[in-house]
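Student: Take this sequence and fold it.
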Amino acid sequence: MNDWLGAVRTGQVQLPRFQRFEAWSYSQVQSLLESVLNDLPIGAMFVLQVEGNPPFHPRPISTGPTGDKVSELLLDGQQRITALWKSLHGNYPEREFFVSLDEKTDYDGIAVQAVKISTRGGKRYPLWIDDSSRLLERGLVPIRLLLPGEEANKMALEWIKAACGEDQERILDLMMRVNDWRSRFSSFNIPFLSLPAGTSAAQVLEVFTRINTGSTPLSIFDIITADIEQAVGESLHDLMESLNGRVPGLARYGDVQDIVLRAATLMQDKTPDRPSILSLDWGAVVKSWPQLVSGAERAVQFLEAEKVLDAARLPIFTVVPALISLWSHGDGLTPDRLGEARTLLRKFMWRGFFTERYESSAHSAVIQDVRELTKAVRDGATNINPPIFASELPSLQDLKEAGWPKKKDRLARAILLVSLQGGATDLADGEAITVLNATRREYHHIFPDAYLNSLQSEIAASLALNCALITWKTNRTIHDKQPLVYMRDRAEANSLGDDETVFRLKSHGMPEVPLRENDYAAFIEQRAEVVATAMEALTSGKPWSP
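Tutor: Now for the predicted structure:
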């Protein structure tokens, strides 16, 4: 431990700035001190060796000196080193730790007590906290006397003499006990693992996130924000707040921090992955921030217009940062160029939803597509050829076999989004689906499970083509009724008659005749054909509605 404390004292061991601050309770500090006194293991430290400039901005251990030359960054072990440093130096303003001469731990070991301290009128309370003889009467010896080093040794001797008075035998006995405890601290072995100097920042962060498995693990945003603020003098949190204020709808599509960081990498012609985020030119990000915000605003408007309403129904996340990057070039375009961009990006987005282009190696795939599409949106190029435009669309059979869209199934969710293109009017109250009411809609089996099971055949009910988003109240009203029955009930329940019921069904892209005939197989077949027609249009850049 002597080496660790010495490295903290000289500033050679420091923390990467992205580390959170100390979080241990006083009882955890007390338990740690007891472990050292009783020679129990406290776990290993994990450090990154540093040569030259650290890869992350460093900060000292709490209450420790800054130092001029950092040789190690502590990736794991902050709470333990901080607790040892502060307790041995008496640096906790509201607690002082003492070895107890009279008490034992539950396992019959040397015990430590934590005494609460307050300060009033320049005095520390309780008043006996700084009175050595009164402390000794209570059987308490300050932990700070056990700090390794000659200076602390002298302090310990002075404290013992003041506490024991003229009782030489007691002085000798207490000195032997204190020296034994000091020796335990000085020689205590704290093992460590290390990453060599030159380890890439991305590798360091991968290791860091794996070994830090707390209830609220650090995100990439948490990790880089301090470095950015020091590098460019701008608060990333303030920038994010300004974006959230102007584009509040972006949060519906996922973690805004993650979306923005990946969009920023694409805007700098980088793959939207962790290494690229770490290597971003943050001066350029700050400079282009208004453009990024504008891109986010246009992207959200575009998603809403295409009835892509939220993350819960988003087929694949990859397209969202890409759309921000592409729409960031929308300012200053003529109406005709904006129309061209809308057609092009509709084709891009729906192909991202329907094809397998972004199922694997999405980062490298999307940067190829964005590079080509940027030439068209920003520069007006007409001879672009993004690979996604050549990706194979699913077959009719693929559409018929797609699963339940409530699950994270790309194709199933793409099919569900097709069913929203006509407004997906509720079957009972007639309200069209919007961003404001989408969260109140439930996933409904058009041909109910119970009805299909009653046919006594092995029929898959939980298919994307057998799904409709309706209000919870309508869902309870329909319950397990067969389509013919609930269509008749809907026609009888409103004064608008059968035509209105048919209109509402068609707004979901549902074929009418198989519903009236309770023919599930024909319904799936015909609805697959409707979706295929929609898919062909949308993935060609054309708008579609049932």
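Student: And the residue nearest to S462 when sequence neighbours are not counted, its phi and psi?
Tutor: Spatial nearest neighbour of S462, chain neighbours left out: W404 (4.1 Å); criterion: CB to CB, 6 or more residues apart in numbering. Using the backbone N, CA and C atoms, a C-beta is placed for each residue, glycine as well. Phi and psi for W404, reported as degrees, to the nearest 10, are phi -80, psi 130.
Student: Next up, the contacts around W404.
Tutor: Shown in contact with W404 (CB atoms under 8 Å, 6 or more residues apart in numbering): 412, 443, 462-464, 467.
Student: Out of those, list just those in helices.
Tutor: Among those, the members found in helices (DSSP state H) are A412.
Student: which residues does the residue positioned nearest the centre of the chain contact?
Tutor: Closest residue to the average C-alpha location of the chain: S219 at 5.1 Å, with CA atoms, centre = their mean. Listed by CB under 8 Å, 6+ apart, the contact set of S219 reads 255, 257-258.
Student: quick one: it from V256, how far?
Tutor: Separation of S219 from V256 (CB to CB, to the nearest Å) stands at 11 Å.
Student: Relative to the centre of this structure, find the outermost residue for me.
Tutor: Distance-from-mean max, the chain, by CA atoms, centre = their mean: E166 at 63.2 Å.
Student: quick one: it is in a helix?
Tutor: No: read with DSSP: H, G, I helix; E, B strand; the rest coil, E166 is coil and lies in no helix.
Student: coming back round to it: reformat the contacts of W404 as CSV; add neighbour count and pLDDT.
Tutor: Listed next are the contacts of W404 as CSV, based on neighbours: other CB atoms under 10 Å; pLDDT from 0 to 100:
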residue, neighbour count, pLDDT
A412, 23, 97
Y443, 16, 92
S462, 15, 91
L463, 24, 95
A464, 27, 96
C467, 23, 93
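Student: and which of the contacts of W404 is nearest to V47?
Tutor: Nearest to V47 among the contacts of W404: A412, at 46.8 Å, using CB to CB.
Student: Wait, that closest one touches L399, no?
Tutor: No: taking contacts as CB atoms under 8 Å, A412 lies outside contact range of L399: 9.7 Å.
Student: Touching both of these two, which residues are there?
Tutor: Residues touching both A412 and L399 (CB under 8 Å, 6+ apart) are A464.
Student: Filter the contacts of S219 down to the ones in helices?
Tutor: Per DSSP H, the subset of these in helices is 257-258.
Student: how about the contacts of S219 in a markdown table, adding neighbour count?
Tutor: Listed next are the contacts of S219 as a markdown table, based on neighbours: other CB atoms under 10 Å:
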| residue | neighbour count |
| --- | --- |
| D255 | 14 |
| Q257 | 17 |
| D258 | 17 |
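Student: between the contacts of S219, which is closest to W128?
Tutor: Nearest to W128 among these, with distances taken as CB to CB, is Q257, at 50.8 Å.
Student: got the contact list for that closest one?
Tutor: Residues in contact with Q257 (CB under 8 Å, 6+ apart) are 219-221, 240.
Student: hmm, 7 Å instead?
Tutor: Residues in contact with Q257 (CB atoms under 7 Å, 6 or more residues apart in numbering) are 219, 221, 240.
Student: So A264 is in contact with V285, correct?
Tutor: Yes: taking contacts as CB atoms under 7 Å, A264 lies within contact range of V285: 5.1 Å.
Student: So these two - more neighbours on which side?
Tutor: Ranked by neighbour count (other CB atoms under 10 Å), A264 and V285 place A264 first, with 25 against 22.
Student: Tell me if that one really is in a helix.
Tutor: Yes: counting by three-state DSSP, A264 is located in a helix.
Student: Start the count at 118 instead of 1 going forward.
Tutor: Yep, numbering from 118; the last one is A381 now.
Student: ok, now which ones touch it?
Tutor: Counting by CB under 7 Å, 6+ apart, A381 has contacts 397, 402, 409.
Student: Name the SS class of the last one, please.
Tutor: Think L409. helix.
Student: Need the nearest residue in space to it, chain neighbours excluded.
Tutor: S445 (5.8 Å).
Student: ok, the one you found - contacts?
Tutor: 384, 408-409, 411-412.
Student: a markdown table please, covering these and showing neighbour count and distance to N208.
Tutor: Below are those laid out as a markdown table (neighbours: other CB atoms under 10 Å; distance: CB to CB, whole Å):
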| residue | neighbour count | distance to N208 |
| --- | --- | --- |
| M384 | 24 | 45 |
| Q408 | 17 | 47 |
| L409 | 21 | 43 |
| S411 | 19 | 49 |
| G412 | 25 | 48 |
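Student: Quick check: the farthest pair among these?
Tutor: Pairwise over the contacts of S445, using CB to CB, the maximum falls at M384 and S411, 11.5 Å.
Student: re earlier: make TSV from the contacts of Q374 and add distance to Q230 to it.
Tutor: Listed next are those as TSV, based on distance: CB to CB, whole Å:
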residue	distance to Q230
S336	39
F338	41
M357	45
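Student: Give me the subset of those lying in helices.
Tutor: Among these, the members falling in helices (DSSP H) are 338, 357.
Student: Any regions of the stretch 268-417 of the chain where pLDDT drops low?
Tutor: Applying pLDDT under 70 to the stretch 268-417 of the chain flags the ranges 330-334, 344, 347.
Student: which stretches of the stretch 268-417 of the chain form helices?
Tutor: Secondary structure of the stretch 268-417 of the chain (DSSP state H, counting those that start in this stretch): helices located at 285-304, 318-328, 337-349, 353-363, 373-384, 391-395, 399-404, 406-422.
Student: quick one, which of these is packed in tightest?
Tutor: helix 373-384 (a mean of 23; mean count of other CB atoms under 10 Å).
Student: C-alpha coordinates for that one, PDB please?
Tutor: Output in PDB follows, covering the C-alpha atoms of helix 373-384 (Å, rounded to 0.1, in the frame of the first residue of the first chain):
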ATOM      1  CA  VAL A 373     -30.600  11.300 -27.900                       C
ATOM      2  CA  GLN A 374     -27.000  11.300 -26.900                       C
ATOM      3  CA  ASP A 375     -26.300   8.200 -28.800                       C
ATOM      4  CA  ILE A 376     -28.200   9.400 -31.900                       C
ATOM      5  CA  VAL A 377     -26.300  12.700 -31.900                       C
ATOM      6  CA  LEU A 378     -22.900  11.200 -31.400                       C
ATOM      7  CA  ARG A 379     -23.400   8.800 -34.300                       C
ATOM      8  CA  ALA A 380     -24.900  11.500 -36.500                       C
ATOM      9  CA  ALA A 381     -21.800  13.700 -35.800                       C
ATOM     10  CA  THR A 382     -19.500  10.900 -36.900                       C
ATOM     11  CA  LEU A 383     -21.400  10.500 -40.200                       C
ATOM     12  CA  MET A 384     -21.200  14.300 -40.700                       C
END
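Student: Just give the number of residues close to Q136.
Tutor: With other CB under 10 Å as criterion, Q136 counts 22.
Student: and if you look at G626?
Tutor: 23.
Student: Tell me if I am right that it is in a helix.
Tutor: No: with three-state DSSP as the criterion, G626 is coil rather than part of a helix.
Student: and it, what pLDDT?
Tutor: Looking at G626, its pLDDT is 92.
Student: could you pull out the strands for the stretch 118-267 of the chain?
Tutor: Using DSSP state E, counting those that start in this stretch, the strands found in the stretch 118-267 of the chain span residues 130-133, 162-166, 175-176, 189-193, 212-221, 227-233, 235-237, 240-242, 257-259.
Student: In the stretch 468-617 of the chain, what residue spans correspond to helices?
Tutor: Going by DSSP H, counting those that start in this stretch, the stretch 468-617 of the chain shows helices at 479-496, 513-518, 527-535, 566-571, 589-595, 600-610, 615-623.
Student: Quick check: which of these has the most neighbours on average?
Tutor: Most buried among the helices of the stretch 468-617 of the chain, counting by mean count of other CB under 10 Å: helix 527-535, with a mean of 25.
Student: Against A458, how distant is the residue nearest to L409?
Tutor: Distance of S445 to A458, computed by CB to CB: 11 Å.
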